[in-house]
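Peer 1: The following block contains a protein sequence and its predicted model.
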Amino acid sequence: MRSDRRSSRQPSSSLSLSLSRRQFLASAALVFIPVTVRAGEPFPLISQPGTAPILGSSKPATEVWTYAGQVPGPEIRARQGDRLQVNFTNRLHVATTVHWHGVRLQNEMDGVPYVTQPPVEPGASFFYEFELTDAGTFWYHPHIQSSEQVGRGLYGPLIVEEREPVRVDRELVWMLDDWRMSPDGQLAGDFDDFYDRSHEGRIGDTVTVNGIELPEETVRAGERVRLRLVNVANARFFGLRFMDHDPIVIALDGQPCEPHRPADGRVILGPAMRADVILDMSARPGGRFPVVDDYYKKKPFDLLDMVYDDAPPVRENPLDAPVTLPANPLPEPDLGAAVRHMVLLEGGSGGGMAGGTFEGQLLNLAQLADRGKAWALNGEVSSGHRMPPLLSSKLGQSVIFEMHNDTYFEHPMHLHGHSFRVLERDGEPVPNTIWQDTVNVKRNEKVQVAFVADNPGDWMFHCHILEHQEAGMMGIFRVS
Ligand code: C2O
Ligand code: CU
């Protein structure tokens with residue numbers, strides 16, 4: 001019954017299933033309690049065990065790990081230029097950290113164990129404090145045993161508002177996740193499963209938006225909504241279609257882009273990616289429109305329903321106001337003077353990698369598999385976070401990363417501490433001036449990104465399929 005959202009491994013029956021599921025899932029509205037952080041006021045954040053109604057309120061609650069007792073964790077909302085202060089305390093039974101995904105901050109606040117800070121042991125605290133240079137949609141999550149810790153529910157949104165935002169009637173934040181449930185309604189505990197590690201990662205069977213399966217979002221005719229989408233799943237990609245609506249993408253990974261209609265009308269989000277989307281609610285009062293996810297073509301399903309209330313339209317024609325966001329202060333790379341780094345992505349099932357260097361030793365595939373490892377970057381297989389740098393750059397240098405995916409799977413590659421301009425895919429220029437912190441590299445694809453290495457420190461560079469990250473696909477980029 002619950003297998004309808006597994007990825008392509010199982011036969012499809014999901015559309016009809018999700019329709020019948022709708023009848024017995026109590027329709028739940030999305031509730032999100034934002035915490036507005038004022039500059040200069042420390043915000044307490046606690047990681048702790050808790051429960052969440054992942055299977056709906058009619059089923060027993062699922063044991064999860066939470067920030068502040070809730071999944072997703074509290075929405076931290078601040079203004080561009082504010083200083084964020086978070087007084088973090090760990091009440092889990094395992095060590096953890098908080099990483100502020102996509103935020104260009106100083107290295108010692110980046111939340112990477114052994115590299116930027118010691119792990120926060122059970123009962124201990126860590127004070128995070130940094131300036132929010134960029135406006136945009138970001139998120140926070142642990143950086144220790146990420147597959148298990150994020151997979152058990154540790155994630156929350158960090159929204160940094162522009163000083164002059166685009167005009168909308170309302171903002172919504174949707175955190176997209178999936179969970180792998182066992183028959184008893186609890187999370188399956190196989191977080192280090194080698195099949196997942198060496199294939200497409202831990203794809204779950206139950207998809208939620210803000211912790212709720214197939215929720216309803218109540219909307220009003222005529223209103224303009226800014227939708228902030230965040231993919232927090234370990235491994236699942238999302239490809240969203242807004243039935244009978246016309247989404248305009250205005251930012252990716254928090255960074256403004258030229259407003260554009262997504263290719264094929266579908267908003268695609270790999271793990272860790274975000275998209276800010278303008279949606280005009282152009283239908284009539286009383287309508288109901290599913291948001292369909294058909295990223296895995298054989299397994300389309302309804303993610304949620306947009307339900308129009310009966311109120312008369314707020315306006316008859318769509319709001320006539322610009323949707324271009326003000327740019328963030330990103331340095332423009334000098335492509336002529338840029339230093340080029342090649343990054344070869346290797347390994348995984350069916351990938352043809354012969355072996356790789358692990359803790360200084362050249363190991364073959366079987367020896368790597370014995371250690372739970374399956375992937376390499378430029379022949380290097382990461383063990384934990386502490387390691388010599390894979391790539392280095394002088395501070396202030398313009399840099400091009402040319403990533404070549406020589407594996408059977410796609411990899412959303414993420415760099416800490418910087419946002420990069422996505423230049424080319426297989427030699428074709430990428431339109432719409434896109435800056436990201438996580439870029440998907442498809443099977444056999446070559447992707448070029450460029451940026452200025454303007455942030456000193458040791459920065460993690462890894463695949464954000466969390467099982468791949470743990471199975472070796474991570475390195476350090478040193479800026480000094
Ligand atoms: Cu979202 Cu290295 O992290
Ligand atoms: Cu990967």
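Peer 2: Cool, the structure landed. Numbering: from 1, shown residues only. Ligands and ions are numbered 1, 2, ... in the order given.
Peer 1: For the rest of this, base every contact and every neighbour count on C-alpha atoms.
Peer 2: Fine.
Peer 1: got the CA positions of stretch 309-317 in PDB?
Peer 2: Only the C-alpha atoms of stretch 309-317 are listed here, as PDB (Å, rounded to 0.1, in the frame of the first residue of the first chain):
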ATOM      1  CA  ASP A 309     -11.900  29.100  -1.100                       C
ATOM      2  CA  ASP A 310     -15.300  30.600  -2.100                       C
ATOM      3  CA  ALA A 311     -14.300  34.200  -1.600                       C
ATOM      4  CA  PRO A 312     -14.600  36.500  -4.600                       C
ATOM      5  CA  PRO A 313     -11.400  37.100  -6.500                       C
ATOM      6  CA  VAL A 314      -9.000  39.700  -5.000                       C
ATOM      7  CA  ARG A 315      -8.600  41.100  -8.500                       C
ATOM      8  CA  GLU A 316      -9.900  40.300 -11.900                       C
ATOM      9  CA  ASN A 317      -6.600  40.400 -13.800                       C
END
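Peer 1: Contact partners for the residue in the stretch 1-150 of the chain positioned nearest to ligand 1?
Peer 2: Residue nearest to ligand 1 within the stretch 1-150 of the chain: H101 (4.7 Å; C-alpha to the nearest ligand atom). Counting by C-alpha atoms under 8 Å, 6 or more residues apart in numbering, H101 touches 138-141, 272, 416.
Peer 1: correct me, but G222 touches P285?
Peer 2: No. Contact criterion C-alpha atoms under 8 Å: G222 and P285 do not qualify, at 9.1 Å.
Peer 1: The two: which is more packed in?
Peer 2: Between G222 and P285, counted using other C-alpha atoms under 10 Å, G222 has the larger neighbour count: 23 against 18.
Peer 1: Which helix or strand contains that one?
Peer 2: Take DSSP states H and E as the rule and G222 turns out to sit in neither a helix nor a strand.
Peer 1: got a pLDDT number for it?
Peer 2: The per-residue pLDDT reported for G222 equals 97.
Peer 1: Could you do R9 as well?
Peer 2: 35.
Peer 1: How about the contacts made by the residue nearest the centre of the chain?
Peer 2: Central residue of the chain (C-alpha atoms, centre = their mean): A272, 1.5 Å from the mean position. Residues counted as contacts of A272 (C-alpha under 8 Å, 6+ apart) are 101, 230-233, 438, 464.
Peer 1: Looking at the residues you listed, which is nearest P60?
Peer 2: Closest to P60 out of the contacts of A272 is A233 (22.4 Å), distances taken as C-alpha to C-alpha.
Peer 1: In three-state terms, label that closest one for me.
Peer 2: Assigned by DSSP: H, G, I helix; E, B strand; the rest coil, the conformation of A233 is coil.
Peer 1: Is it in contact with D177, as I believe?
Peer 2: Yes. Between A233 and D177 there is a contact at 4.4 Å, judged by C-alpha under 8 Å.
Peer 1: out of the contacts of A272, which one sits closest to P259?
Peer 2: Closest approach to P259 among these (C-alpha to C-alpha): V230, at 18.1 Å.
Peer 1: what's around that closest one, how many residues?
Peer 2: 29.
Peer 1: do the one 4 residues further on as well
Peer 2: Neighbour count for N234, taken as other C-alpha under 10 Å: 27.
Peer 1: quick one, phi psi at it?
Peer 2: The phi and psi values for N234, taken as degrees, to the nearest 10, are phi -60, psi -40.
Peer 1: got a pLDDT number for it?
Peer 2: At N234, pLDDT is 98.
Peer 1: thought D302 was touching L214?
Peer 2: Yes. Applying C-alpha under 8 Å, one finds D302 in contact with L214, separated by 7.0 Å.
Peer 1: on that earlier part again, specify which member of the contacts of A272 is nearest to ligand 2.
Peer 2: Using C-alpha to the ion, H464 comes nearest to ligand 2 of these, at 6.4 Å.
Peer 1: any idea how far ligand 1 is from the closest residue to ligand 2 within the stretch 351-480 of the chain?
Peer 2: At 3.8 Å from ligand 2, H411 is the closest residue in the stretch 351-480 of the chain, using C-alpha to the ion. According to C-alpha to the nearest ligand atom, to the nearest Å, H411 stands 13 Å off from ligand 1.
Peer 1: next one: G384
Peer 2: With C-alpha to the nearest ligand atom as the criterion, G384 and ligand 1 are 12 Å apart.
Peer 1: ditto for E332
Peer 2: Distance from E332 to ligand 1, by C-alpha to the nearest ligand atom: 23 Å.
Peer 1: do the same with F420
Peer 2: 15 Å.
Peer 1: Relative to ligand 1, how far out is the nearest residue to G396 once chain neighbours are set aside?
Peer 2: In space, and not counting its chain neighbours, G396 is closest to D454: 4.7 Å by C-alpha to C-alpha, 6 or more residues apart in numbering. Distance check for D454 against ligand 1: by C-alpha to the nearest ligand atom, it reads 18 Å.
Peer 1: Which stretches in the stretch 251-400 of the chain count as helices?
Peer 2: Using DSSP state H, counting those that start in this stretch, the helices assigned to the stretch 251-400 of the chain run over residues 365-370.
Peer 1: in it, what residue is nearest ligand 1?
Peer 2: Closest point on the stretch 251-400 of the chain to ligand 1, by C-alpha to the nearest ligand atom, is A272, at 5.8 Å.
Peer 1: How far off centre is the helix or strand that Q469 is a member of?
Peer 2: Per DSSP H and E, Q469 falls inside helix 466-470. Centroid separation between helix 466-470 and its chain, computed with C-alpha atoms, centre = their mean, to the nearest Å, is 14 Å.
Peer 1: picking that back up, next, the contact list for the residue of the stretch 351-480 of the chain closest to ligand 2, please.
Peer 2: Here H411 is in contact with 405, 440-442, 463-465 (criterion: C-alpha under 8 Å, 6+ apart).
Peer 1: So for H93, what pLDDT did the model give?
Peer 2: pLDDT at H93 comes out at 98.
Peer 1: thought it was touching P122?
Peer 2: Yes. Counting by C-alpha under 8 Å, P122 is a contact partner of H93 at 5.4 Å.
Peer 1: Comparing these two, which residue is more hemmed in?
Peer 2: Taking other C-alpha under 10 Å, H93 and P122 do not tie; P122 has more neighbours (16 against 12).
Peer 1: is it true that that one lies in a strand?
Peer 2: No. Counting by three-state DSSP, P122 is not part of a strand but coil.
Peer 1: what bridges to D458?
Peer 2: Taking DSSP bridges, one finds R478 as the beta-bridge partners of D458.
Peer 1: same deal with M403?
Peer 2: M403 forms beta bridges with V343, V447, as assigned by DSSP bridges.
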